[in-house]
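> After the sequence you'll find the predicted model.
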Amino acid sequence: MTDEGGIKEHFHDQRAKRYDETVRKVIPGYETLHAMAQFLLEGILKPDAHLLIVGCGTGEEIERLASHHPGWRFTGIDPSQAMLDQARERLESKNLLKRCELLCTKAESLDPALRFDAATCLLVMHFLPDDGAKAGLLSAIASHLKPEAPLLLADLHGASDTDRFARLLAAWTRWQLAHGVDPVEVEKGLKHVARDVHFVPETRLFKLLHQAGFGSVEHFHQAFLFGGWLALKDKPG
């Protein structure tokens with residue numbers, strides 16, 4: 001991925017350690033997004049499903065899903081070793097690590113023979129530019145999914161030159177301040193978003209998903225500029 005180095009740099013050791021505390025203050029609907037992902041997947045998957053967690057970070061998704069589904073197995077991948085170290089410690093403390101494989105890699109580098117029953121890619125792809133990197137990630141994920149398997153995708157998105165985008169960005173800024181985020185940190189966060197997040201409108205996301213081999217795409221979550229989508233891989237032929 002073009003931006004993998006940037007992701008590694010952003011999620012360094014100290015940032016990884018405080019990520020879980022910070023993200024809940026900064027991202028509206030963070031807990032709700034993960035809860036919705038759980039309930040969507042459990043309505044589709046079998047009790048012995050094997051899930052690919054792309055950008056597994058500190059293990060939030062895996063802990064939630066594994067705690068509620070004792071038969072599910074997980075392969076979590078992330079380009080940041082610091083984040084994976086936090087995930088490993090977290091999952092081991094919950095006695096969940098035995099059902100998990102955590103790899104410091106990217107989807108394109110996985111064993112080509114691996115096939116999963118589902119994948120999640122939450123708050124990851126918006127860090128990749130739309131120069132082939134977004135398309136490459138989605139195609140790699142699709143190549144490792146069984147036919148009709150679900151992908152749950154969540155990202156910042158939108159047409160950044162529109163009044164709607166400006167209005168939602170301003171509302172998100174006020175939301176952070178109202179929830180106790182230090183104004184200095186809010187300003188730093190907005191600079192990070194302007195510098196490191198590559199926004200595309202939802203229509204472009206749909207096109208990228210369809211081109212990667214996902215025929216059915218449904219929007220299930222929205223919180224200011226954050227959106228969530230359920231996509232199903234096409235049947236063969």
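Looks like it arrived, so ask away. Just so you know, these numbers come straight off a predicted model, no measurement behind them.
> ok, T75 - how many residues close by?
Number of residues near T75 (other Cβ atoms under 10 Å) recorded here: 21. Placement of C-beta: from N, CA and C, glycine included.
> How far away from the center of its chain is the one helix or strand it maps to?
Per DSSP states H and E, T75 falls inside strand 73-77. Relative to the centre of its chain, strand 73-77 is centred 13 Å away, using Cα atoms, centre = their mean, to the nearest Å.
> which of the residues in the one helix or strand E92 maps to are buried?
According to DSSP H and E, E92 maps onto helix 81-93. Judged by neighbour count (16 or more other Cβ atoms under 10 Å), helix 81-93 contains these buried residues: 82-88, 90-91.
> for those residues, which one is nearest I27?
M83 (15.9 Å; Cβ to Cβ).
> rewinding a little: continuing past the helix holding E92, what's the next helix or strand?
That would be, after helix 81-93 and using DSSP H and E, strand 100-103.
> tell me which strands and helices that following strand is in contact with?
Packed against strand 100-103 by the contact rule (3 or more Cβ pairs under 8 Å, 6 or more residues apart in numbering; DSSP states H and E) you find strand 73-77, helix 81-93.
> Reformat those into JSON lines and put mean pLDDT and distance to E61 next to each item.
As requested, the helices and strands packed on strand 100-103 are exported to JSON lines (pLDDT from 0 to 100; distance: least, Cβ to Cβ, whole Å):
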{"stretch": "strand 73-77", "mean pLDDT": "98", "distance to E61": "8"}
{"stretch": "helix 81-93", "mean pLDDT": "95", "distance to E61": "10"}
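> just for the protein, where's the confidence low?
1-18, 237 (pLDDT under 70).
> Okay, buried residues for the lengthiest helix in it please.
Among the segments of the chain that qualify as a helix by DSSP state H, the longest is helix 163-178. For helix 163-178, the neighbour count (16+ other Cβ under 10 Å) marks 165, 168-169, 172-173, 175-176 as buried.
> what's it in contact with?
Residues outside helix 163-178 that contact it (Cβ atoms under 8 Å, 6 or more residues apart in numbering) are 25-26, 28, 158-159, 183, 186, 189-190, 199, 224-225.
> List the contacts of A49.
By Cβ under 8 Å, 6+ apart, the residues touching A49 are 41, 69, 71-73, 117-118.
> Now with 6 Å, please.
By Cβ atoms under 6 Å, 6 or more residues apart in numbering, the residues touching A49 are 72, 117.
> Same question for the one 3 residues further on.
For L52, the residues meeting the contact criterion (Cβ under 6 Å, 6+ apart) are 75, 116, 119.
> got JSON lines for the residues you listed, with distance to L96 too?
Formatted as JSON lines, the contacts of L52 follow (distance: Cβ to Cβ, whole Å):
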{"residue": "T75", "distance to L96": "13"}
{"residue": "F116", "distance to L96": "18"}
{"residue": "A119", "distance to L96": "19"}
